[in-house]
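1. got a sequence here, can you model it:
(chains A and B)
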Amino acid sequence: MKTLNKIKILTYLLLIIGIASSCKKNKSIEPEEEEVTTPSTPNNLIKIGETYIVGANAKASVYTDKAFETGYNLIYVAFTDSTDGSALNMGHCTISPLMNMGSMSHGSPVENTSDTISTNGYFRSAVIFSMAGTASQWSLNINFHNHKNGKSGLGSLGVDVAASSPSKFKSVVLALDSNKKVFISLVQPTNPVVGTNNFEITLHQRVNGMTYPFIDQYTVEIEPEMPSMGHGSPNNINPTHVGKGHYSGKVNYTMSGLWYVHLKLYKNGTLISDDQYFEMTLQ
Amino acid sequence: MLQKQILVLFILLSNLNLLGQNTPKDSSLKTITLDEVSVCDLSEEKDQSFDFYKNNKLATTEDILSRMQGVNLIKRGAYGLEPTLRNYNSGQTNLTIDGMKIYGACTDKMDPVSIYVEPSNLSAIQVAHGASGTMNGSNIGGQINMQLREPTLNCHSKLSGQISQTYLSVNNAYYASAALQHSTEKIAYRVNGTYRKANDYKAGGNLHIPYSGFEKYNIGGNVLFKVSKAQLIKIDYIGDWGKNIGYPALPMDVGSATAHITSLTHQLHFKNSYFTKNELKFYYNQITHFMDDTHRPNVPMHMDMPGWTKTTGMYNELFASDKLKIRLDFHNVYARADMTMYPTGEPIMYMQTLPENNLNNAGLAIKYKLDLKHKQQLNFNARADYYLQSAVRGIGYKQWKVFNTNITNELEDVLKSGNISYSKTFLDKLLIQLSVGYGERLATSNERYGYYLFNRQDQYDYIGNILLKPEQSYQSELLIKHSLKKIDYSFNFFYHHISNYIYSYQLNGMSAMTIGAKGLKSYKNINYATSMGGEFNLKYHIIDNLTYINSIKYIYTETFDGKPLPLIPPLKLQHALRYKLNLFQFQVEHDYAIKQDRINSDYGDVITPEYHLFNLRAARNFRIKSSVIQFSLACENIFDVRYREHLDIGQVPRFGRNFTANLNFIF
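-> Numbering: from 1, shown residues only, chains lettered A, B, ... in the order given. As a prediction, the model looks like this:
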């Protein structure tokens, strides 16, 4: 019978060892997920159209990452030699948008690149469309200084601009800042997710129909809210000015559903706007 | 003789035995036994005619628990009461079914696992307080183990069974249950089923309590094979389906609560060896819990809150009679709870209130009893546990990034506990037992990962804290038991010091999620809390047929800075006078709880007034050949008092005057 005891005890020891070793910590510290940032050139660019740059012996092909809509849009332009079709990677590209409303016309804020060499074949700019319109109304005037032949020229491409829904563009007249007309455009998040998101807006001022300088003097505060429940989210980081009218921070979402991100704008410590918000739906 | 036995057992186990907290066997009234474990024995004896004593009453598992020494129930509705041991809640105690771990799936603790088993599934409920109750898992408050009933081999060649029915007037409730057993020498089967349907109840003064009804089915099945002389194999299954369980104290009800409890057990008996038995069990327990508010009017929007737990585990227990027990166990539990809201005309809102997570646990426990000279005894038990818990990299993980917390980090803990008690019996009449113990408990999944869980009591939303350290409890206990010719009485005193007590605190400047909630809270370890108290039990045989029973319990708790802990019952006195004559018996009961004004306002405790409660019970047995018919009537809360216990969430009053009728047929 003693052998039986021994066998039992041995079995126990084996079981303990087995379990202890099977529980050995597999502590592979996984790296934190990369923050979602816009890569310099997305993979799935959509071609909007092309136009000859008359006088520069070049052809411009215009791409974007999503169909044009009101608000902030990235534009990628690739130039080719209109004679031999070879890529033109050196030059100056300047875009100016124009809205032709028949009796009158106006432009909109634009961010042109100062690069003289293309990135992955593209010159990247951004345009803030201030209203929806058809290709016969909105056009992109593309000025290219071709460093291959030293010539400059202009091309024009009509583009369709849809109304963003929910709107990513707000136009507001600020009585407390000498009735300035200010454009607020949402840059990020384009695809909001539960958790932490980069939050970025641009602020531009309409001086006249063709002049829209960025604003870098404001202070921005954000407050997310689920309108149907009335609650917010913790640990948001207010956007701060990061250059060229861009204000960047973090917005947190605790659950999926409809959220509002309320904006407060301050100038020299005075609240000048608190009734604007961006609407976001998280699936 | 047989009739007398029937009566004795009937008295001990029937619903007349409201005060039988100790539920002692008749013999224990005369002899002194150790009382570190209070057992409610629901089992039949070997003799078939005793089959019915457990089933004659259709009391719920929680009814039975509420009568056990040191057990208090936190009430949120007419059903689904959370058992607490003295001042320890379900997170601080360990509740097992036949040694198996099982976890409720509701983040609002609407489904303590005791609701998924019926007394007809069970043979006994064992309660051990403090560190003496850590055999099945590390904890600080003690353990409740609900022992499954198993069919007995070799005793009946014919079919046996019983049918029971109960009616309650206060909520127009009907309970029915039936059990059948068949056995041969090699194989035995047992099946049982229970059905309960209750409508909304009325509190004292004819106050209608809306959303307090419930309905449930329970089916249990057991098969026992005798493989060889020394080996047994047992398969157990319990299925439990609750429907539309109302929780008047909470803003939501339970649409459905389903449990599947399955296990396979192998028993090996040794002869002529130091070790007598080895038991190996594999199990899988699954709970699915759907909480919704579809029956509530005027809700801002419809909301669903389902929860799931899946527990897989095994244990091996090696016994040397009742002297030594060595237990080795392992389990994994997967838990998750969601919230989905449906605002009109807007996208669905979804959140994981308990992010998906896995807890792995391996433990080794030992229990040893040593009889010394001069009627002295030493009892020793110890346990060590290894825990590894982490959340799944999913939605919940993203949600938690909002708090700059990575919940997928593995949390590793080694917990240990032990208890040693020494006892000496003087003149076969007086027993004195002194115990010292130490226990630790892990923070619960809710306390670690919970995400905006609404607490009805203080009206705050809670988020977890993965940095919580285990609670550590240093315990001492003194038991004095004296048995005289006509009187038995016992005193129990305990003092517990809990370091790193897990306590709530408010997160200033952060808003709640739940509509109407006051703010956001989380948990932290506070310096310490203490808990002390005692229980007194008395049984006095006035004359042959007349017995007086008395039980008093009191707990005093406070934090290191002098605040009382929440949900602590006040001083409570329960006593009864019992008269029996042949097949007839009669009992009058009085329950008294003093006002509880030692409250924890941080937690939303409010003062609970005192109450007096009177009950009357009567029963009569009839014997027809080998069958027994048993009929009992009761009137509870005779004076229709509107009262509540301090542990009742939301200050919803309890049952008003209630007439019950119970009929059992045993064959």
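
2. count the neighbours of the closest residue to residue B:583 other than its chain neighbours for me.
-> For residue B:583, ignoring the flanking residues on the chain, the nearest one in space by C-beta to C-beta, 6 or more residues apart in numbering or on different chains is residue B:621 at 4.3 Å. For every residue, glycine as well, the C-beta is placed using N, CA and C. Using other C-beta atoms under 10 Å in any protein chain shown, residue B:621 is surrounded by 21 other residues.

3. doesn't residue B:621 fall inside a strand?
-> Yes: assignment of residue B:621 by DSSP: H, G, I helix; E, B strand; the rest coil places it within a strand.

4. show me where the stretch 201-350 of chain B has strands.
-> B:202-203, B:207-208, B:214-226, B:231-245, B:253-269, B:277-292, B:302-320, B:324-342, B:349-372 (DSSP state E, counting those that start in this stretch).

5. and the first one, how far out from the chain middle?
-> Yep, that's strand B:202-203 we're talking about. Counting by C-alpha atoms, centre = their mean, to the nearest Å, strand B:202-203 is centred 25 Å from the centre of its parent chain.

6. measure residue B:203 to residue B:214 for me?
-> As judged by C-beta to C-beta, to the nearest Å, residue B:203 and residue B:214 stand 16 Å apart.

7. sorry, slip of the keys, the one I care about is residue A:67.
-> From residue A:67 to residue B:214 the distance is 55 Å (C-beta to C-beta).

8. looking at the two, which is more packed in?
-> Legend: neighbour count by other C-beta under 10 Å for residue A:67 and residue B:214, higher for residue B:214 (26 against 12).

9. correct me if wrong: the more buried one contacts residue B:198.
-> Yes: the pair residue B:214 / residue B:198 is scored as a contact, 5.4 Å apart, by C-beta atoms under 8 Å.

10. and for the two, which residues touch both?
-> B:78-79 (C-beta atoms under 8 Å, 6 or more residues apart in numbering or on different chains).

11. what's around residue B:507, how many residues?
-> 17.

12. need the contact list for it.
-> So residue B:507 contacts A:234, B:463, B:519-522 (C-beta under 8 Å, 6+ apart).

13. give me phi/psi at the residue nearest to the spatial centre of chain B?
-> Computing the C-alpha centroid of chain B and ranking residues by C-alpha atoms, centre = their mean puts residue B:83 first, at 4.3 Å. For residue B:83, the backbone dihedrals (degrees, to the nearest 10) come out as phi -70, psi 140.

14. ok, it - contacts?
-> B:62, B:65, B:71-73, B:90, B:93, B:95, B:112, B:114, B:144.

15. chain B contacts on the stretch 101-250 of chain A?
-> A:193-196, A:226, A:228-235 (C-beta under 8 Å from any C-beta of the partner chain).

16. tell me the pLDDT at residue B:525?
-> Here, the pLDDT recorded for residue B:525 equals 96.

17. an error on my part: the question was meant for residue A:61.
-> pLDDT, read off for residue A:61, is 91.

18. and if you look at the one 5 residues further on?
-> Looking at residue A:66, its pLDDT reads 89.

19. can you check the one 3 residues further on too?
-> Listed pLDDT for residue A:69 reads 94.

20. mind listing the residues bridging to it?
-> In this entry, residue A:69 is beta-bridged to residue A:162, by DSSP bridges.

21. distance of it from residue B:243?
-> Applying C-beta to C-beta to residue A:69 and residue B:243 gives a distance of 49 Å.

22. looking at the two, which is more packed in?
-> Each of residue A:69 and residue B:243 has its neighbours counted (other C-beta under 10 Å); residue A:69 has more, 19 against 15.

23. list the contacts of residue B:400.
-> A:195, B:355, B:391, B:406-407, B:449, B:451.

24. hey, what's residue A:221 bridged with?
-> If you apply DSSP bridges, the partners that residue A:221 bridges to are residue A:264.

25. what's the closest non-adjacent residue to residue B:115?
-> Using C-beta to C-beta, 6+ apart, the closest residue to residue B:115 is residue B:80 (4.9 Å).

26. test my guess that that neighbour contacts residue B:249.
-> No: counting by C-beta under 8 Å, residue B:80 does not reach residue B:249; the two are 10.5 Å apart.

27. more crowded one of these two?
-> residue B:80 (28 against 20).

28. how much space separates that one from chain A?
-> 27 Å (C-beta to the nearest C-beta, to the nearest Å).

29. contacts only, for that residue.
-> By C-beta under 8 Å, 6+ apart, the neighbours of residue B:80 are B:62, B:110-112, B:115, B:245, B:247, B:254.

30. who are the packing partners of whichever strand or helix holds residue B:617?
-> Residue B:617 belongs to strand B:611-624 when assigned by DSSP states H and E. Secondary-structure packing of strand B:611-624 (3 or more C-beta pairs under 8 Å, 6 or more residues apart in numbering or on different chains; DSSP states H and E): helix B:2-13, strand B:584-593, strand B:627-636.
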